[in-house]
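**Q** Quick one: sequence and predicted model below, then my questions.
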Amino acid sequence: MPHFLCPSCALRAYSAAGESGCPNCDTPLGRAELMNAPLQDEIRRRMRHGGSIDDVDLELIERSGLSTDEKAALWLYAWSFVPRRKQRASAELHLRLVTPRG
């Protein structure tokens, strides 16, 4: 869910995609109020231009100063740009690394 900062009452809130107003004061909320919109834009730009998820994570997400949940959401957003075949191969590799051998 997007994380908004209301410009009127300064409420910091999560909002479902369909909501368009602050739950506290009904101020309209849009893309400009998304707390991490510039960061999302940079992630999108880098990933579309062939950036690696590791670089995006280290250079942008980890240095963002956001909460753990916000960083996780941004990492998933970046991951969504990785081609499915590479996603599957990476997931299978990591599963093999953490699965106990017996």
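**A** Cool, the structure landed.
**Q** contacts, neighbours, all on C-alpha from now
**A** Fine.
**Q** burial of residue 52, as a residue count?
**A** Residue 52: 15 surrounding residues under other CA atoms under 10 Å.
**Q** Kindly report the same for residue 70.
**A** If you count neighbours by other CA under 10 Å, residue 70 ends up with 18.
**Q** On the three-state scheme, residue 66 is what?
**A** Three-state assignment for residue 66 (DSSP: H, G, I helix; E, B strand; the rest coil): coil.
**Q** so how far is residue 49 from it?
**A** 24 Å (CA to CA, to the nearest Å).
**Q** Compare those two (neighbour count), which wins?
**A** For residue 66 versus residue 49, the count of surrounding residues by other CA under 10 Å is larger for residue 66: 14 against 9.
**Q** need the contact list for the spatially most central residue of the chain.
**A** Central residue of the chain (CA atoms, centre = their mean): residue 74, 1.6 Å from the mean position. Neighbouring residues of residue 74 by CA atoms under 8 Å, 6 or more residues apart in numbering: 40, 61.
**Q** give me phi/psi at it?
**A** phi -70, psi -40 (degrees, to the nearest 10).
**Q** Domains in this protein, by residue range?
**A** According to automatic domain parsing, the chain comprises the domains 1-35, 36-102.
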